[in-house]
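*Asks:* Take this sequence and fold it.
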Amino acid sequence: FVAMMTPGVYFNVMSGQIEELLQLLFVLAMAGVAPGVLLGVSVLVKPFAAWPLAVMAWRQPRRLIPTAAAALLIGGALGALVCGADSYGQWMHYSQNTMYGLIFGNMNTSLGLLPLRLAGFTALPSWGRVFLMGMFVAFPMLVAWVMRRRPPQIQASWAAAAALLFAPFSHHYYLPLLLVPMAFEVRGILDAMASDEVPTSAREGRAEDRPPGPRARC
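*Replies:* Prediction:
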């Protein structure tokens, strides 16, 4: 219900986009359900999912790397078997030519593209792809470093959010994925509030059980 209230999801569902499936896989992975397998499958769907996979693999290598590698290999082989091995090359050709030709379209809300828009560009300059890929690498890496002392799931979620926002192509119906790190932060705030309340009430209960001191008897 919360996801359906966020921008773009209605359009996403009605147009048959796969983003909701990707978001579900990511949520389950961050909740601890087969994270290696689900993050590996997510990378096969969208490249920005490589960032949370990299963070989780760095923090939990024995748990993540074998299962993620198996998911990537099996998924890639199944894709080549069903769609043909040349389908990967066709997609790369399409993304490098047709998609980059449409990168300034209104549907693209990438923050990495914002400096080029503000500079007045209406077409991608010759160095534009290198610039966009640099933004896509630099900002998730910066966020992952800032979050290095947080739990792995929170660090990976915020790195994924940065990768999503600074990917060369980022559409408005990708945004519900940002609910994942926000949910972690809200949960942390609620847990902190609950842990503060329990000791206080316990101290008050112990004070009531103690016999009155001399000042109380007077």
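
*Asks:* With adjacent residues omitted, what lies nearest to the residue nearest the centre of the chain?
*Replies:* Nearest to the geometric centre of the chain sits residue 160, at 3.0 Å (Cα atoms, centre = their mean). The shortest distance from residue 160 to any non-neighbouring residue, by Cβ to Cβ, 6 or more residues apart in numbering, is to residue 52 (4.1 Å). (Glycine included, C-beta is placed from N, CA and C.)

*Asks:* residue ranges for the helices of the chain, please.
*Replies:* Counting by DSSP state H, the segments of the chain that form helices are 9-14, 19-30, 35-45, 50-59, 61-83, 86-94, 100-101, 114-118, 128-146, 152-166, 179-209, 214-217.

*Asks:* hang on, isn't the residue nearest to the centre of the chain packed against residue 23?
*Replies:* No. Contact status for residue 160 versus residue 23: not in contact, 10.5 Å apart, counting by Cβ atoms under 8 Å.

*Asks:* Could you tell me which residues touch both of those two?
*Replies:* Listed as contacting both residue 160 and residue 23 by Cβ atoms under 8 Å, 6 or more residues apart in numbering are 177, 180.

*Asks:* how close does residue 190 get to residue 184?
*Replies:* Here the criterion is Cβ to Cβ, to the nearest Å. By it, residue 190 lies 11 Å from residue 184.

*Asks:* Pick out whichever of those two has more residues nearby.
*Replies:* Ranked by neighbour count (other Cβ atoms under 10 Å), residue 190 and residue 184 place residue 184 first, with 19 against 10.

*Asks:* Tell me who's in contact with the residue lying closest to residue 147 once chain neighbours are set aside.
*Replies:* Ranked by Cβ to Cβ, 6+ apart and with sequence neighbours excluded, the top spatial neighbour of residue 147 is residue 155, at 4.1 Å. Contact partners of residue 155, counting by Cβ under 8 Å, 6+ apart, are 55, 59, 144, 147-148.

*Asks:* farthest pair in those residues?
*Replies:* For those, with distances taken as Cβ to Cβ, the pair at the greatest spread is 59 and 147 (10.7 Å).

*Asks:* if you count what's nearby, which of the two comes out ahead?
*Replies:* The neighbour count for residue 59 versus residue 147, taken as other Cβ under 10 Å, is higher for residue 147 (19 against 16).

*Asks:* For the more buried one, which residues are in contact?
*Replies:* Listed by Cβ under 8 Å, 6+ apart, the contact set of residue 147 reads 154-155, 158-159.

*Asks:* So which of these is surrounded by the most neighbours?
*Replies:* Counting neighbours by other Cβ under 10 Å, the top entry in the contacts of residue 147 is residue 159, with 27 neighbours.

*Asks:* Let me know whether it touches residue 140 as I believe.
*Replies:* Yes. The pair residue 159 and residue 140 passes the contact test of Cβ under 8 Å, sitting 4.8 Å apart.

*Asks:* list residues touching both of the two?
*Replies:* Shared contacts of residue 159 and residue 140, defined by Cβ under 8 Å, 6+ apart, are found at residue 51.
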